[in-house]
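*Asks:* With the input below, show me the fold.
(one chain, ligands or ions: 1)
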Amino acid sequence: MAKLLKKPLKLALVQLSTGADKTANLSHARSKVLEAASKGANLVVLPECFNSPYGTKYFPKYAETLLPSPPTKEQSPSFHALSDLAREAKTYLVGGSIPEYWEETKKYYNTSLTFDPEGKLLATHRKVHLFDIDIPGKITFRESEVLSPGNKLTIVDLPEYGKIAVAICYDVRFPELAMIAARKGAFLLLYPGAFNLTTGALHWELQARARAMDNQVYVGLCSPARDMEADYNAWGHSTIVDPNAGVMAQLDEKEDIVYADLNNEKIEETRKGIPIYTQRRFEVYPDVSEGKVRYEE
Ligand SMILES: NC(=O)CCC(=O)C(=O)O
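*Replies:* Predicted coordinates for the structure are as follows:
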């Protein structure tokens, strides 16, 4: 079997404290990403909406223009801060997500940018599944009041390591994205995300472990730190799960960085022990990853 993960990789998820000041958020993210890089991380991840508070009323206020790419510094200070930071830290950087405004269509998106260690943009993922839920007495949230959904799956090739998939928060609840990415050869599924106190307690770890178990790949969920003064209280608990669905490392709700060393042997050992990869019956059910799927590498 060809190696999915070509050499060991140290993953870091930065569970960032964020506030209302975008410039302060960007500068704080810089110090934490540099800290992770100084501890040897090769791939660093920031949380969903890492440069702003999370909430529909905030999206237009904090939105930046990313297209045509590359944007100017005035159009997107966050794009340039992330690109400069990846280059300074010499790491791959999944820049959480930011609210995006696309002038041509007048639409807003929840968008994640991934950069290589030279600061080059490798991929853009717009959240495909918008967080619209209503649990009476607990939480009602409708991203679709402001945001439009993205329309493609995102697989990113990190040349010296292999392929990863990037999606955002609520996207984790849709196993199809994860399954297709894994069948296309991703060794790691990354989700910058911000679950809340209701659904976080119910499903955060379960979702991470389920996507890992179904696909026998590594999974990372990166949350903002919890702020009980904010309108939206993030669950925290950034988590890294191994291909056998075991939790390798998990934070509590406070700001911190979680690390794990990923290697190909764990994927191979898991797939050898429980060989669902070779036992699939595509004559009974079609391999949807071979069908009409919108994705970009
Ligand atoms: N930001 C989000 O998409 C939140 C998703 C969430 O909380 C969930 O339960 O799913």
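*Asks:* Centre-most residue in the protein?
*Replies:* The centroid of the chain falls nearest to residue 191 when counting by C-alpha atoms, centre = their mean (2.6 Å).
*Asks:* is it in a bridge, and if so with what?
*Replies:* residue 221 (DSSP bridges).
*Asks:* from memory it sits against residue 173, does it?
*Replies:* No. If you go by C-beta atoms under 8 Å, residue 191 and residue 173 don't touch, sitting 10.0 Å apart. Just so you know, the C-beta spots here come from the backbone N, C-alpha and C atoms, and that holds for glycine as well.
*Asks:* Look at residue 201 and give its secondary structure.
*Replies:* Put simply, residue 201 is helix when judged by DSSP: H, G, I helix; E, B strand; the rest coil.
*Asks:* residue boundaries of the helices in the stretch 1-150 of the chain?
*Replies:* Secondary structure of the stretch 1-150 of the chain (DSSP state H, counting those that start in this stretch): helices at 22-38, 59-62, 77-89.
*Asks:* Pipe the ones you listed into CSV and attach mean pLDDT per row.
*Replies:* Formatted as CSV, those follow (pLDDT from 0 to 100):
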stretch, mean pLDDT
helix 22-38, 98
helix 59-62, 98
helix 77-89, 98
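*Asks:* who wins for proximity to the ligand among those helices?
*Replies:* The ligand lies closest, by C-beta to the nearest ligand atom, to one member of these: helix 59-62, at 11.7 Å.
*Asks:* neighbouring contacts of that closest one?
*Replies:* Here helix 59-62 makes contact (C-beta atoms under 8 Å, 6 or more residues apart in numbering) with 22, 49, 51-53, 98-99, 101, 108, 110, 146-147.
*Asks:* ok, now with 6 Å
*Replies:* With contact meaning C-beta atoms under 6 Å, 6 or more residues apart in numbering, helix 59-62 is reached by 52, 99, 108, 146.
*Asks:* The third one reaches residue 147, doesn't it?
*Replies:* When you say that, I think you mean residue 108. Yes. Applying C-beta atoms under 6 Å, one finds residue 108 in contact with residue 147, separated by 5.1 Å.
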